[in-house]
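1. no FASTA, just this:
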């Protein structure tokens, strides 16, 4: 028997160029996965990882915190915000789009990646109004 598709689930070997970060929140996901030179950061909300607090009804603060958490995850993957090539933002209320843009610009400055913003009816964290995931590219040395 050859190949991953024919092997029993516990016998599959991970590819050498894929690195998964450890789950910290108890959720069944990796906060980021590095596949070769590309880093995928899972959806991140603006809940302070140290205090567990989220600024309710403050979309700008939630956006800023989510992006700062993304920045920390990228650093763990040996990358930075300047390496981000694509951002997806999920908003529970598009009326806050201006607040999101303001926070987004303070974090990214002039190095703006491609971006999509989508309205959603809710997010897994019931207090979150925004969730952000990113894709970054960092050529290995």
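-> Yep, it's here. What you see is a predicted model, and the numbers here were worked out from it, not measured in a lab.

2. other SSEs contacting the longest helix seen in the chain?
-> Secondary structure of the chain read by DSSP state H shows that its longest helix is helix 59-76. In terms of contact count using 3 or more Cβ pairs under 8 Å, 6 or more residues apart in numbering; DSSP states H and E, helix 59-76 is assigned the packing partners strand 32-35, strand 38-45, strand 84-91, helix 97-108, strand 130-137. (Each C-beta comes from the backbone N, C-alpha and C, glycine too.)

3. nearest to residue 121, out of those?
-> Judged by Cβ to Cβ, the one of the helices and strands packed on helix 59-76 that comes nearest to residue 121 is strand 84-91, at 10.2 Å.

4. tell me the strands beside that closest one, with direction?
-> Here the strand partners of strand 84-91, with direction, are listed using DSSP bridges: strand 114-119 (parallel), strand 130-137 (antiparallel).

5. which residues touch the longest helix of the chain?
-> By Cβ atoms under 8 Å, 6 or more residues apart in numbering, the list of residues contacting helix 59-76 from outside reads 21, 31-32, 39, 41, 44-49, 54-55, 80-81, 83-84, 89, 91, 93, 96, 99-100, 102-104, 106-108, 128-132, 134, 136.
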